[in-house]
Structure formats: structure tokens, C-alpha cells
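>>> kindly return the folded structure for what I paste below:
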Amino acid sequence: MRIVKLDETGDTIVEVIIAMGILTFIIIGAYVTTNISTTQQDRSGQRDQALQLAQSQIELLKAMSLQGTVIPNWPSWCIYANGASLIASKNPVASPTPYSPSNFTGNCNVNTADLATPTQPFFSVSIQQILAGNFTIQVNWYGTGGGIDNVTLGYRTN
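Reported below is the predicted structural model:
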């Protein structure tokens, strides 16, 4: 038989298990918070890039209008610069909605450097004329965490 001294130090197994459980919850909470923060930061960066692409399309549309270039009346198109020339490129489908990468080809699929690309990740740019001189510029992309995100801007030439 063992004699127990009251001045012995140390933790019981129950205390150790409780401490490990608390530590596990703290670590899991920190991981989840960091993961959500990183995802939101990625989405914000993608949205900023898409907004810049839409704004660049507005600037190119404005330049076409000022140069007196005939603005196409296609259902869906985009503009790209080829040296000093501005070229309108038609999307192969009448409407880019519902969004699918197969709905966009050629120069209307651009990467983050605004260069035409057929591979992911890319942003699909679409200009649609709503009324005479009124345009909608839409940029679609596959967002971080799945799903399709978009930015839509309006522009009036006159």
C-alpha cells in the first residue's frame, strides 16, 4: 500500500485532458480565422483586378467614341488594344449569362495583366449596348472558394 503525501506536486490526467482541449479549441479558432481572412483577401484582390479591367474597357470605349470609330452593335463584345489601334472582338454567344468559360473565347478572356489568354485563371470581359450610347461592362471570373463573381459598370458615351 502506498502512502499519499499531501505535498506532492503535478497535474492529474483530468487536468491535462482539459488543458489540451482548451488549447485545441484555441488553435482551431486561430486556423479558421486565418483561413477566412486569407480567402477574403484573395476575393478582394480579384475584385480589384476585375474592377480595373472594367474601367480599362470604359477608357477604351471612350477612346473609340472620341476617335469616331464605329461602335459595334453586337450582343456581347470587348475591346483590346493592338498597338495604336483599338479592335472590337465579338463574343461567340449572344449573352454571357449564365456565365461559363466556354461562352467566352479569344481576346475577351484576359488575365490579370489584361492580355488575352485561353487558360484559367482569367477574367471574361463583356460589353453590351443597352440603349443608344448606354453600355454595360461586365467582368466575370471564377472566384476564390468556388462560385462565379462579377463586376458590372455602366457607361454613357453622350
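>>> helix or strand next in line after the worst-scoring helix or strand of the chain on mean pLDDT, which one?
Least confident helix or strand, the chain: strand 85-90 with a mean of 66, by mean pLDDT, DSSP states H and E. Once strand 85-90 ends, the next helix or strand along the chain (criterion: DSSP states H and E) is strand 109-110.
>>> mind listing what Gly145 touches?
Thr39, Arg43 (C-beta atoms under 8 Å, 6 or more residues apart in numbering). Glycine gets a C-beta too; all of them are placed from N, C-alpha and C.
>>> one more time with 10 Å, if that's ok
Residues in contact with Gly145 (C-beta atoms under 10 Å, 6 or more residues apart in numbering) are Ile36, Thr39, Gln40, Asp42, Arg43.
>>> cool, and Met20?
For Met20, the contact set (C-beta under 10 Å, 6+ apart) is empty.
>>> can you report phi and psi for it?
phi -70, psi -40 (degrees, to the nearest 10).
>>> related to what we said a few turns ago, closest to Cys78 out of the contacts of Gly145?
Arg43 (23.1 Å; C-beta to C-beta).
>>> nearest spatial neighbour of the closest one, skipping sequence neighbours?
Once flanking residues are discounted, Arg43 sits nearest to Thr144: 5.1 Å by C-beta to C-beta, 6 or more residues apart in numbering.
>>> name the SS class of that neighbour, please.
coil (DSSP: H, G, I helix; E, B strand; the rest coil).
>>> can you name the residues that contact it?
Thr38, Thr39, Gln40, Gln41, Asp42, Arg43, Ser44, Gly45, Gln46, Pro121.
>>> looking at those residues, which two lie furthest apart in space?
Across the contacts of Thr144 (C-beta to C-beta), the longest gap, 17.6 Å, separates Gln40 and Pro121.
>>> list the ones among the contacts of Gly145 that fall in helices.
In this view, those that belong to helices under DSSP state H are Ile36, Thr39, Gln40, Asp42, Arg43.
>>> may I ask which of these has the most neighbours?
Sorting the ones in helices among the contacts of Gly145 by how many neighbours each has (other C-beta atoms under 10 Å) puts Arg43 first, at 15 neighbours.
>>> distance of that one from Asn140?
14 Å (C-beta to C-beta, to the nearest Å).
>>> go on, Gln67?
28 Å.
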